[in-house]
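Q: what's the 3D shape of this:
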Amino acid sequence: MSVRGVVFDLDNTLIETNESALAALDVTCDHLEARLGTAVAAARDTFLCVYIDLENALIERRRQFESAYQVRVETWRQTLAHLGQPASLAEEMVEYYAAERRRRFRLYPEVPAVLDAVTAAWPGAILTNGFTDVQREKIAAVGLGRWLPTAIISAEVGAWKPQPEAFAVALRAIGCRPEEAVMVGDSWKHDIAGAAPLGLRTVWVNRRGAPPPRGPEPSAAVADLSPLDQLLRHWNGE
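A: Take a look at the predicted model:
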């Protein structure tokens, strides 16, 4: 079956997220120490543990939030409580962290040329887990709407990858049946393991050279997006 459309993950697929988020967190923890006038041991690790727990609770529908801002405030409140620091500082830390994150939004270097080629030949859409306030801010900041004007945000549609409902919305947006579409993403759990059982071809963007986990094999694995246009054309017999 020929490829007729492409669905792209956002974070760590099109936009660098992990390293810049950690850098922003480090600076925010430094700000916390300056604000308190004392060293705060394990602030970074505590924040990350709390955030991961809340993110999993969201995806598994055990918790509900209306925005990324609310998630960040709750993360900092719990972090500060674990550290024995005043929870009243949570909103200040959120604002400081958000400003540091905005300064670091960037596309991976190969993305503009790849999207020029791919979106000239196939309709595409972004499918990303997250909330409107932050995800649409990222998309606008790096100008992704030039190539991919359709962006499906999980919180807006009430379904988070790897839930099948999230992929169904994306398929409707690009007008494809599952066997005609390709899911491109970095997350094995959310992108590959979510899309493959539904019949989509999958491209695992493995920028860190991680060993593949157990589970459905991707249709292809790439170190970055540079080969994507040629890969899609190969699947179409070109």
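
Q: Check which helices and strands the lowest-mean-pLDDT helix or strand in the chain sits against.
A: Between all helices and strands in the chain, the lowest mean by mean pLDDT, DSSP states H and E belongs to helix 43-59, at a mean of 92. With contacts taken as 3 or more CB pairs under 8 Å, 6 or more residues apart in numbering; DSSP states H and E, helix 43-59 sits against helix 18-36, helix 68-83. (C-beta placed from N, C-alpha, C; glycine too.)

Q: just the CA coordinates of the last one, formatted as CSV?
A: This file holds the C-alpha atoms of helix 68-83, laid out as CSV (Å, rounded to 0.1, in the frame of the first residue of the first chain):
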residue,chain,number,x,y,z
ALA,A,68,0.7,22.5,31.4
TYR,A,69,0.9,25.5,33.8
GLN,A,70,-1.3,23.6,36.3
VAL,A,71,0.9,20.5,36.0
ARG,A,72,4.1,22.5,36.5
VAL,A,73,2.6,24.3,39.6
GLU,A,74,1.6,20.9,41.1
THR,A,75,5.1,19.5,40.3
TRP,A,76,6.8,22.3,42.0
ARG,A,77,4.5,22.3,45.0
GLN,A,78,5.2,18.6,45.6
THR,A,79,8.9,19.0,44.9
LEU,A,80,9.2,21.9,47.4
ALA,A,81,7.2,19.9,50.0
HIS,A,82,9.5,16.9,49.6
LEU,A,83,12.5,19.2,50.0
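
Q: Now do that helix: everything it contacts.
A: With contacts defined as CB atoms under 8 Å, 6 or more residues apart in numbering, helix 68-83 is touched by 40-43, 46-47, 50-51, 54-55, 58, 65, 86-87, 89-91, 93-94, 97-98, 130-131, 133-135.

Q: follow-up on the earlier one: please compute how far the least confident helix or strand of the chain lies from its chain's middle.
A: 15 Å (CA atoms, centre = their mean, to the nearest Å).

Q: Would you mind writing the CA trace of it as PDB?
A: Taking Å, rounded to 0.1, in the frame of the first residue of the first chain, the C-alpha atoms of helix 43-59 are listed here in PDB:
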ATOM      1  CA  ALA A  43      16.000  19.500  43.800                       C
ATOM      2  CA  ARG A  44      16.500  18.500  40.200                       C
ATOM      3  CA  ASP A  45      16.100  14.700  40.800                       C
ATOM      4  CA  THR A  46      13.000  15.300  43.000                       C
ATOM      5  CA  PHE A  47      11.400  17.500  40.400                       C
ATOM      6  CA  LEU A  48      11.900  14.900  37.700                       C
ATOM      7  CA  CYS A  49      10.500  12.100  39.800                       C
ATOM      8  CA  VAL A  50       7.400  14.100  40.700                       C
ATOM      9  CA  TYR A  51       6.900  15.200  37.100                       C
ATOM     10  CA  ILE A  52       7.200  11.700  35.700                       C
ATOM     11  CA  ASP A  53       4.700  10.400  38.200                       C
ATOM     12  CA  LEU A  54       2.200  13.100  37.200                       C
ATOM     13  CA  GLU A  55       2.800  12.600  33.500                       C
ATOM     14  CA  ASN A  56       2.100   8.900  33.900                       C
ATOM     15  CA  ALA A  57      -1.000   9.600  35.900                       C
ATOM     16  CA  LEU A  58      -2.200  11.900  33.100                       C
ATOM     17  CA  ILE A  59      -1.700   9.400  30.300                       C
END
